[in-house]
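> here is the input, now give the coordinates:
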Amino acid sequence: MTRALTKAVIPAAGLGTRFLPATKAMPKEMLPVVDKPAIQYVVEEAVNAGLHDVLMITGRNKTALENHFDRMYELEQTLEEKGDREKLAKVEYSTELADMHYVRQGDPLGLGHAVLRAKMHVGHEPFAVLLGDDIIDARDPLLTRMVEVHERRDTTVVALLEVPESQTHLYGIATVEPTEDDDVVRITGLVEKPPQGEAPSNLAIIGRYVLKPGVFDVLERTQPGKGGEIQLTDALLEMANDPTSGGVHGVVFRGRRYDTGDRLDYIKAIVQLAVERDDLGAELRPWLREFASSLD
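A predicted model of the protein is given here:
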């Protein structure tokens, strides 16, 4: 039997250079998406999948992440005295959301290295990895499905998304075989950011993983690959080709995903999420139509 998942790891040590100067003094993970920082959506996703033990892999100048999920007594007292229970509830919610832990990555040696920094905290348990640039709509529970597949098949699981051929060079791309489940495939090959026109498929790995603890042993012997970094993709490829590891399967995601790692997609994500909000959508939608009709 597989052990129940309780732990999630969120790598958050990047510099966020694509959003400079906004990220000069503020972590990119704290950029607001409507009225919540992007990182809170990711932690909420982990909690909704039953993972309440969250380890964040951070770096220098990332103390704002810890502060956001910690108590802020002065603000809470001020809101309490004003009788503003609605805002107080929002502040307390992020504090009580999960059991948060933090460790620094140190050297910026890639995603595989960041995941390896979680070894002491995770131990010999399976765990999930959630990348902060991808926000998955709460109405499309991807991580919950991945946990189900892991528990049923005792396998490592990655999230896959069909992307246009023109974008395959931006992702890790999988070679797959079908299974009896329409949304589940067995992965036979992986390549990190293949040259344009040389991708083996259009199935791209997106930022959700459910990993067996054996991945740590593989990462410890994985040599730096593309970009001089320790690539998680390389470790997953070794596990996919090792029958004793349980193999690697993919869940093909067909739901709503918002990319906050690119400036244009970040703006689109804010608009898409805002129009769905009960408190904003009714006023925003007609304004958007009027604004769009005024464009050339």
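> CA atoms for contacts and neighbours, from now on please.
Will do.
> in contact with the residue nearest the centre of the chain, which residues?
In the chain, the centroid-proximal residue (Cα atoms, centre = their mean) is residue 131; its distance is 2.6 Å. Contact analysis of residue 131 by Cα atoms under 8 Å, 6 or more residues apart in numbering lists 10-12, 42, 207-208.
> kindly report the same for residue 172.
Shown in contact with residue 172 (Cα under 8 Å, 6+ apart): 190-194, 204-205, 233.
> ranking those residues by neighbours, who comes first?
Neighbour counts for those peak at residue 204, which has 28 neighbours (criterion: other Cα atoms under 10 Å).
> any idea how far the residue lying closest to that residue once chain neighbours are set aside is from residue 117?
Nearest residue to residue 204 in three dimensions, chain neighbours excluded: residue 173, at 4.6 Å (Cα to Cα, 6 or more residues apart in numbering). In this view, residue 173 and residue 117 are 25 Å apart by Cα to Cα, to the nearest Å.
> one more: residue 10?
Noted for residue 10: a distance of 11 Å to residue 117, by Cα to Cα.
> can you list residues touching both of the two?
With Cα under 8 Å, 6+ apart, residue 10 and residue 117 have common neighbours residue 57.
> the more surrounded of the two?
Per other Cα under 10 Å, whichever of residue 10 and residue 117 has more neighbours is residue 10, with 25 against 19.
> ok so that one is a strand residue?
Yes. Checked against DSSP: H, G, I helix; E, B strand; the rest coil, residue 10 lies within a strand.
> can you classify residue 185 as helix, strand or coil?
With three-state DSSP as the basis, residue 185 sits in strand.
> pull the most distant pair out of the contacts of residue 131.
Pairwise distances across the contacts of residue 131 peak at 13.9 Å for 12 and 208 (criterion: Cα to Cα).
> the residue lying farthest from the centre of the chain sits in which helix or strand?
Note on the chain: the largest C-alpha distance from the chain mean falls to residue 81, namely 37.0 Å (Cα atoms, centre = their mean). Here residue 81 sits within helix 73-82, counting by DSSP states H and E.
> helices or strands up against that helix?
Contacts defined by 3 or more Cα pairs under 8 Å, 6 or more residues apart in numbering; DSSP states H and E place helix 73-82 against helix 85-96.
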